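Visitor: Fold the following and give me the result.
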Amino acid sequence: PHPLHAAPAVRDLMPAWLAPLQEADLRLGGALTDTLRAYAAAKLDLLKAAARLDVHPDTVYARFERIKALSGLDPRTYRGLETLLLVADAARPAGATS
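Guide: Have a look, this model is predicted:
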């Protein structure tokens, strides 16, 4: 594995909400993490994130509500977004991109 990839011991430290969030994201073809990344890339501008994703802003709001329901974190806040992305990146399989 890549040296920056999370080792099994680190994976054991992942929050309990990670698995349900990953499952929901997988069912949606990665739309939840794509939305988080687009929001971060748009510097927390929801309208710009929606444009990047080519979806209606209400879709972004709905995805944020789903993420919050699963994780307890509000992705509209810097702290929530930072934590969600950090955990998502640490949990990503070795060699995965995006």
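
Visitor: Please pull out the lowest mean pLDDT helix or strand from the chain.
Guide: helix 8-11 (a mean of 63; mean pLDDT, DSSP states H and E).

Visitor: how close does the residue nearest the centre of the chain get to Ala91?
Guide: In the chain, the C-alpha nearest the mean C-alpha coordinate belongs to Thr33, at 3.5 Å (Cα atoms, centre = their mean). For Thr33, the distance to Ala91 (Cβ to Cβ, to the nearest Å) stands at 10 Å. No exception for glycine: its C-beta is placed from N, CA and C like everyone else's.

Visitor: got it, and Pro57?
Guide: Distance, Pro57 to Ala91, by Cβ to Cβ: 28 Å.

Visitor: about what we covered before: helices and strands around the helix or strand following the least confident helix or strand of the chain, which ones?
Guide: Counting by DSSP states H and E, the next helix or strand C-terminal to helix 8-11 is helix 18-27. When contacts are defined as 3 or more Cβ pairs under 8 Å, 6 or more residues apart in numbering; DSSP states H and E, helix 18-27 packs onto helix 31-41, helix 57-71, helix 78-91.
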